[in-house]
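[1] next one to model:
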Amino acid sequence: MKFNDAVWGAGMVVFAGALLWYVQGFPTIPGQKVGPAVLPGALAVGIGVCGAILLVRGLRERAASGVAWVEWPEWFGSMPQLRAFVVLVAVNVLYLVAVDRLGFVVVGTIYLAALMMTLRVRASRALPIALVMTLVIHYAFYKLLKVPLPWGVLQAIAW
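    Numbering: from 1, shown residues only. As a prediction, this is how the structure comes out:
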């Protein structure tokens, strides 16, 4: 999917404006002209200028050649690729919504199995591989890297 530069430029200008508004609430340092809002404020100005340039360029390009605001990729009309895209978005939303309640091991297994089955791996292979890989990933992050992953419904057997 390709967005016209004007769309990205408008988004950048809005983001820069919001950032400038937000940094106005940063505290000042008594006796100094430079405070904690200077660097983010300067970055916001730079982002705003770049966004304005993109916005103008995109509007000119659209007026000159009639470029669409959004161009959908060719694969968007193909059912297998569209299904894979929907599954990818769905498992990411599932992870965000359910990982704290169900736990990393359960959600990770569902996540990997769904992606593998989308790639036409048989369920009899996808489920065991997904479980083993999730346990390996969990061990690497939880034990070796000391990242606190949620246990969810498996809290009773946490190691």
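[2] what strand or helix carries the spatially most central residue of the chain?
    The structure's the chain has its C-alpha centroid closest to residue 92; by C-alpha atoms, centre = their mean the separation is 9.2 Å. With secondary structure defined by DSSP states H and E, residue 92 is part of helix 79-102.
[3] ditto for residue 109
    For residue 109, the enclosing helix or strand under DSSP H and E is helix 104-118.
[4] coming back round to it: distance of the residue nearest to the centre of the chain relative to residue 47?
    Here residue 92 is placed at a distance of 27 Å from residue 47 (C-beta to C-beta, to the nearest Å). Heads up, the C-betas are built off the backbone N, CA and C, glycines and all.
[5] would you pull up how far the longest helix seen in the chain lies from the middle of the chain?
    Ordering each helix of the chain by length in residues (DSSP state H) puts helix 38-65 first. With C-alpha atoms, centre = their mean, to the nearest Å as the basis, the distance from the averaged C-alpha position of helix 38-65 to the chain average is 22 Å.
[6] and for stretch 109-126?
    On the basis of C-alpha atoms, centre = their mean, stretch 109-126 is displaced by 22 Å from the centre of the chain it belongs to.
[7] same question, stretch 101-118
    Distance, stretch centre to chain centre, for stretch 101-118: 18 Å (C-alpha atoms, centre = their mean).
[8] other residues contacting that stretch?
    83-84, 87-88, 90-91, 94-95, 98-99, 123, 125-127, 129-131, 133-135, 137-138, 149-155 (C-beta atoms under 8 Å, 6 or more residues apart in numbering).
[9] one more: stretch 58-76?
    Outside of stretch 58-76, the residues that reach it under the criterion C-beta under 8 Å, 6+ apart are 1-9, 81-82.
[10] what's the closest non-adjacent residue to residue 8?
    Spatial nearest neighbour of residue 8, excluding adjacent residues (C-beta to C-beta, 6 or more residues apart in numbering): residue 54 at 5.6 Å.
[11] what pLDDT does the model give that neighbour?
    Residue 54 carries a pLDDT score of 96 in this model.
[12] run a quick neighbour tally on it.
    Neighbouring residues of residue 54 were enumerated by other C-beta atoms under 10 Å; the total is 20.
[13] check residue 102 too.
    Under the neighbour criterion other C-beta under 10 Å, residue 102 is assigned a count of 20.
[14] just the pLDDT for it.
    Looking at residue 102, its pLDDT stands at 96.
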